[in-house]
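>>> I'd like to go over a predicted model; first the sequence, then the structure.
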Amino acid sequence: MEVAQRLVFLLVFVASSYGQRIPQTLFEPIVVTQRQESRIQTLESVASMTQEQRVELAKLYAATGAYLKSFSLLEELSKETPTAYECQFLLGGISGILATNESRVKSLPYVRTMKAAFETAAFINPDALDLQRIMLELYTELPWVLGGSNKKAAESVKNIKSLSVVEGFLASGYFNQMNNKNKEALVSYLNAISEVQDCSEFEGTTNNAHYRLAVLAYYLQKDIPKAQCLFERYLENHSTGDSYPKSFAEYYLALLSDPALFDEHMQEILTTYDSLTAWIQNNFK
């Protein structure tokens, strides 16, 4: 599961296609290693691969940016073994990546595959916190004609609350924020950051939570040490499965050390692609 999460970078399900998706250029570039190339060539030369080898090859394709090849393999694997969580999770993520590279009309087949795969994965493993957050954002941001549903999103919030107190408050804040319930969202976000006394000690959250909590500590609590600690923790644990580029956290850390390092261009990027930062600045700064 951990490997799969790292490969589904940006959480790029198609909800992002209908909003402001963070450009890939803001993330760390994909670097294909010689070892990966060699292993791909070895697996491709096998006349009859085992299921384990096919899963490995699908992951390698995903990790090296060969998304169509990965999608093809994962689609086959998910049909052959519909109860395999990792295959369903990866298929959902790869479908989302492919969907965001197409026009809205051409993305529709990938959207349907993505939604079905993530829902199947959630049925197989309802306790996967990362996946529950994906489902929340999927149901909240996807148009209703493609499966968006506030009722299902509220159920995802409930599921997240059962898995993590902090993530539950963050999920509730996000859900209310997206439904223009600003007061309710603010209360939830304040509850989330108030749960964190020492950022080096609390557990049971995704790495994305570190970034979101850091933003809340910076703007809502004006707690510079806490915000700094959380942004640093986000960077320390950063992987390709995380939603925010390193540059976002690095910019915030620079501001924390010296407000004179304010950068209008970077600020514009944040308010365009980081919905939490934009929401706070537009409503509570």
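It's in. Numbers count the residues shown, from 1 in each chain.
>>> could you measure the residue of the chain most remote from its centre against residue 54, distance?
The C-alpha centroid of the chain is most remote from residue 47, which lies 36.0 Å away (C-alpha atoms, centre = their mean). Computed as C-beta to C-beta, to the nearest Å, the residue 47 to residue 54 distance reads 13 Å. Using the backbone N, CA and C atoms, a C-beta is placed for each residue, glycine as well.
>>> Residue 153 now?
34 Å.
>>> So if I had to pick from those two, which one is more boxed in?
residue 153 (23 against 18; other C-beta atoms under 10 Å).
>>> Run through the strands of the stretch 151-285 of the chain in chain order.
Secondary structure of the stretch 151-285 of the chain (DSSP state E, counting those that start in this stretch): no strands located.
>>> Could you measure from residue 69 over to residue 55?
Taking C-beta to C-beta, one finds residue 69 at 13 Å from residue 55.
>>> Between those two, tell me which one has more neighbours.
Neighbour count, other C-beta under 10 Å: between residue 69 and residue 55, residue 55 has more, with 21 against 18.
>>> hang on, isn't the more buried one packed against residue 87?
Yes - contact status for residue 55 versus residue 87: in contact at 6.6 Å, counting by C-beta atoms under 8 Å.
>>> so what sits against both of those two?
Counting by C-beta atoms under 8 Å, 6 or more residues apart in numbering, the contacts common to residue 55 and residue 87 are residue 77.
>>> Model confidence at residue 8, what's the number?
Listed pLDDT for residue 8 reads 45.
>>> residues contacting the residue nearest to residue 80 when sequence neighbours are not counted?
Leaving aside its sequence neighbours, residue 80 sits nearest to residue 51 (C-beta to C-beta, 6 or more residues apart in numbering; 7.4 Å). The contact partners of residue 51, taken as C-beta under 8 Å, 6+ apart, are 77, 80-81.
>>> again with residue 227
214-215, 217-218, 221, 252, 256.
>>> What's the first helix or strand after the lowest-mean-pLDDT helix or strand in the chain?
Across the helices and strands of the chain, the lowest-confidence element by mean pLDDT, DSSP states H and E is helix 2-7, at a mean of 42. Sequence order places helix 34-44 as the next helix or strand after helix 2-7, per DSSP states H and E.
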